[in-house]
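Undergrad: my questions concern the predicted model and sequence given below.
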Amino acid sequence: MKLIVSIFEKYRLISTLLVIVIISSCNKKDNSPTISEIREQEFQKILSDAKLNTQSPALMLSVARPSKNWSWSGAIGKANIGSSENATVQHRFRVASVTKMFTAAAILLLEEEKKLSLTDPISIHLSTSMFLTIKNKIPNADNITIRNLLNHTSSLGEYTGKTDFINLFPNKNSAPTRQQVIEIGLKYSPAGSFGSWNYSNTGYNLLSIIIEKVSGKDYRTFIKERIIDYLKLSNTYFPNDEFMQAPFITPYFTLTPPAKEADNFATFNCNWAIGTGDLVSSLSDLQTFMQALIQGKLITSQSILKMNNNPVSSSYTGLPGEKYGLGVFMCDNPEFFGHAGDLFGIHTKVFYINKIDTYIITVLNLNDNDTIAFEMIGTVSDWIKNNDN
């Protein structure tokens, strides 16, 4: 009898296991993609579609949602036409005017330490000769404050695009000084009326000088110690000469696209752009910087409020409702927050979208119409709003 019961129990156990296996097989999904796989496929498609609509040799895209604990980065195309080197997410690139966010953060760090104030007149932080030169050009120079330099309302002139500036570069390896470009900017001052927005790299060159005087350190040394090293940005640096550290995305500058290897501006010397656009970085490092900035890990939340409070109407990006704060562009104040950078063959966009808590970075390496970059940002944003709640 015990033997019969034992056989019966064994049979029942086997039957139960078979039922479990059958039920599990029936319930198993047929290799349906996960949300992360769907997201990756969608972002890769956005990147690929954008590549079809631009002559830029390479495109890069990075998206992060820290509150959802995910990030994605991708690259497509050629980092270098001559060598046929493929672009990867590890490649570095010039960030151009995105450098201005680093400069603005440095000024706010110094204000937090009570070493300066945004309301300080620039006269107390510049050499007498430098300020007198400005005063000879701008009647109300005594009223220009550090805040006016940060939000481009100083009426200081702009040098980029001017013939005098272009003549400083008889070849791509030329190395004009910061002082030389400032002098050209002053030549074209005043630009507009004091208090109204007029984009001025000259103003940010002057901010780099103010940082040096107040901190007692070279601008690049201060940024390296207080921001780059502090945030452990291992792929972010200032080139000491025209040579970038491999691997890097090669900038191509041409008035007759598509780009050719002869349009290679990788050895273009940017030492004149101190404080305005001379930084090199990577997708991952810019994500780290931007997230630390927005989350109050680099400067205080009070300083972040100062960056986007009382912005002035601007027209740099062409986005509707665009305004400029302290080293940052924004739309819908401050729904769309960050900076764009354009420099001889490179377009870099670094923005935070508040409503969906998302950081988006795009990079193109040709000076063609960079509308495609904002279109990518918009498409990514729309997909997240509709699919990643």
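TA: Perfect, I can see it now.
Undergrad: my guess is residue 372 is in a helix, correct?
TA: Yes - counting by DSSP: H, G, I helix; E, B strand; the rest coil, residue 372 falls inside a helix.
Undergrad: and the pLDDT for the nearest residue to it once chain neighbours are set aside?
TA: Computed as C-beta to C-beta, 6 or more residues apart in numbering, the closest residue to residue 372 that is not its neighbour in sequence is residue 54, at 4.7 Å. (Each C-beta comes from the backbone N, C-alpha and C, glycine too.) At residue 54, the model reports a pLDDT of 94.
Undergrad: does residue 54 really touch residue 364, like I thought?
TA: Yes - here residue 54 reaches residue 364: they are 6.5 Å apart, a contact under C-beta atoms under 8 Å.
Undergrad: what's the overlap in contacts for those two?
TA: By C-beta atoms under 8 Å, 6 or more residues apart in numbering, residue 54 and residue 364 have these common neighbours: residue 372.
Undergrad: out of the two, which sits in the more crowded spot?
TA: A side-by-side neighbour count of residue 54 and residue 364, using other C-beta atoms under 10 Å, places residue 364 first with 31 against 23.
Undergrad: show me what contacts that one?
TA: Listed by C-beta under 8 Å, 6+ apart, the contact set of residue 364 reads 54, 56, 58-60, 346-347, 370, 372-373.
Undergrad: narrow these to those in strands?
TA: The strands, defined by DSSP state E, take in 58-60, 347 from the contacts of residue 364.
Undergrad: quick one: which of these is nearest residue 251?
TA: For residue 251, the nearest member of the ones in strands among the contacts of residue 364 is residue 347. The distance, counting by C-beta to C-beta, is 9.2 Å.
Undergrad: quick one: the strands in the stretch 251-389 of the chain, in order.
TA: For the stretch 251-389 of the chain, applying DSSP state E, counting those that start in this stretch gives strands covering 280-281, 312-313, 323-324, 329-331, 336-342, 347-353, 358-364.
Undergrad: what is the burial count for residue 126?
TA: 18.
Undergrad: from residue 150, how far off is the residue nearest in space to the middle of the chain?
TA: For the chain, the residue nearest the mean C-alpha position is residue 350 (3.4 Å; C-alpha atoms, centre = their mean). Applying C-beta to C-beta, to the nearest Å, the value for residue 350 to residue 150 is 17 Å.
Undergrad: residue 381 too?
TA: Going from residue 381 to residue 150 by C-beta to C-beta gives 27 Å.
Undergrad: name the residue in the two with the higher neighbour count.
TA: Legend: neighbour count by other C-beta under 10 Å for residue 381 and residue 150, higher for residue 150 (25 against 18).
Undergrad: dump the residue contacts of that one.
TA: Contacts of residue 150 by C-beta under 8 Å, 6+ apart are 104, 107, 118, 203, 207, 326-327.
Undergrad: inside helices: which ones of these?
TA: 104, 107, 203, 207 (DSSP state H).
Undergrad: make JSON lines from those residues and add distance to residue 35, neighbour count and pLDDT to it.
TA: What follows is the ones in helices among the contacts of residue 150, written out as JSON lines (distance: C-beta to C-beta, whole Å; neighbours: other C-beta atoms under 10 Å; pLDDT from 0 to 100):
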{"residue": "104", "distance to residue 35": "36", "neighbour count": "26", "pLDDT": "98"}
{"residue": "107", "distance to residue 35": "41", "neighbour count": "26", "pLDDT": "98"}
{"residue": "203", "distance to residue 35": "45", "neighbour count": "28", "pLDDT": "98"}
{"residue": "207", "distance to residue 35": "44", "neighbour count": "25", "pLDDT": "98"}
